[in-house]
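Engineer: pasting the structure only:
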């Protein structure tokens, strides 16, 4: 089973995990890491390294981060040298739901693509959905 590590500014990671657990029950091999302005980069990298170790049972880890260019993503990118890590930015609830539902029996790369697709598909301008002809 692929591990899930969510790295975010503030409490977003824990909130996403809590919300998904509310919907589908307890999640295994999932961890959230919150980053705060006072945190030192090396300390955060150590927490990410430790988190990878906690959720990886041999199939790899998808690291979901909140925003490209932000500290959570920038620090997570240093773990891409490990072939058993995939980083996907722009985390949202549908992405975590997708990972929690489909991560057994799939490759790490396949899950990365599936999660990206799920996240993009879930972003919809509601007015266009409700009124497809612009009316």
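Structural biologist: All right, it came through fine. Just so you know, these numbers come straight off a predicted model, no measurement behind them.
Engineer: so how many other residues sit close to residue 4?
Structural biologist: For residue 4, the count of nearby residues is 27 (other C-beta atoms under 10 Å). The way it works is simple: take the backbone N, C-alpha and C, and place the C-beta from them, glycine included.
Engineer: ok, it - contacts?
Structural biologist: Residue 4 is in contact with 27, 29, 30, 31, 55, 61, 62, 64, 96, 99, 100, 103, counting by C-beta atoms under 8 Å, 6 or more residues apart in numbering.
Engineer: Same question for residue 32.
Structural biologist: Contacts for residue 32 (C-beta under 8 Å, 6+ apart) come out as 5, 6, 7, 8, 13, 14, 16, 17.
Engineer: can I assume it sits in a helix?
Structural biologist: No: secondary structure of residue 32 (DSSP: H, G, I helix; E, B strand; the rest coil): strand, not part of a helix.
Engineer: Is it bridged to anything, and to what?
Structural biologist: Beta-bridge pairing for residue 32 (DSSP bridges): residue 6.
Engineer: What separation do you get for it and residue 64?
Structural biologist: As for residue 32, its distance to residue 64 is 9 Å (criterion: C-beta to C-beta, to the nearest Å).
Engineer: Residue 26 too?
Structural biologist: As judged by C-beta to C-beta, residue 26 and residue 64 stand 18 Å apart.
Engineer: Looking at those two, which one has more neighbours?
Structural biologist: Remark: of residue 26 and residue 64, residue 64 carries more neighbours, 27 against 7, as counted by other C-beta under 10 Å.
Engineer: those helices in the chain, which residues are they?
Structural biologist: All helices of the chain, identified by DSSP state H, fall at 12-24, 41-55, 71-77, 93-102, 108-121, 126-130.
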